[in-house]
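# when you get a sec, could you give me coordinates for this:
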Amino acid sequence: MSKKVLILSASPRKGGNSDLLCDQFMRGAEEAGNQSEKIFVNDKMISYCIGCGVCFNRGNGCSQKDDMDEILEKMIAADVIVMATPVYFYTLNGQMKTLIDRTCARYTEISDKDFYFIVAAAVDSEPAMERTLEGFRGFTSCLEGPNEKGVVYGTGAWNIGDIKGSKAMDQAYEMGKAV
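Next up, the predicted model:
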């Protein structure tokens, strides 16, 4: 059965290392017969959560009108969500954190999803990525029925394109194929 795969690429650079891993995941998912869409987060207008409470107190969704409504709809409709970030000071980059914060208005509707996480970092150490992954896991722990299916560790990639030819590229493709 074909699944809807949503890939959220938070790289600030198209063709950056984490973005290239997203493309590999997407290629594998599509070759396996799944529908996939990649959202390049940096191309979207997503304002910071301002803590106004409108989404909690009135149940009307977020008071801010930007591209986050569209992204949330796609997250809710997806069967599989891939969240990818470059690692900045051992954590998620600002683009991904802002997206996560803005799910607040409807996060309870992001339920029963399979999640894959992709991280790309200059440091060549998978254990050093655990703090970054905890950011993703902190988000998914607030959801109903999340299922973490896999992590792609794109380590040792500082300059754009360093990830090409790495084992992480093969892992991303294989994980996508296994969706």
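# where does the protein have low pLDDT?
Applying pLDDT under 70 to the chain flags residues 58-59.
# which stretches of it form strands?
4-9, 35-40, 80-86, 114-120, 147-154 (DSSP state E).
# now render the ones you listed as a markdown table, adding distance to R131 and mean neighbour count.
C-betas here are computed from N, CA, C, even on glycine. Listed next are the strands of the chain as a markdown table, based on distance: least, Cβ to Cβ, whole Å; neighbours: other Cβ atoms under 10 Å:
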| stretch | distance to R131 | mean neighbour count |
| --- | --- | --- |
| strand 4-9 | 19 | 24 |
| strand 35-40 | 24 | 17 |
| strand 80-86 | 12 | 26 |
| strand 114-120 | 10 | 25 |
| strand 147-154 | 13 | 19 |
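# mind listing what T108 touches?
143-144 (Cβ atoms under 8 Å, 6 or more residues apart in numbering).
# which parts of the chain are helices?
In the chain, the helices defined using DSSP state H lie at 17-31, 54-57, 68-77, 94-101, 130-140, 167-177.
# buried deepest among those, which one?
With neighbours taken as mean count of other Cβ atoms under 10 Å, those reach their highest mean count in helix 17-31, at a mean of 24.
# gap between the residue sitting nearest the centre point of the chain and A122?
The chain has M83 as the residue nearest its centroid, 1.4 Å off, counting by Cα atoms, centre = their mean. In this view, M83 and A122 are 20 Å apart by Cβ to Cβ, to the nearest Å.
# from what I can see M175 touches G28, true?
Yes: counting by Cβ atoms under 8 Å, M175 touches G28, with 6.8 Å between them.
# sorry, back to before: just list whatever residues bridge to the residue nearest to the centre of the chain.
L8, F117 (DSSP bridges).
# this completes my enquiry, with thanks.
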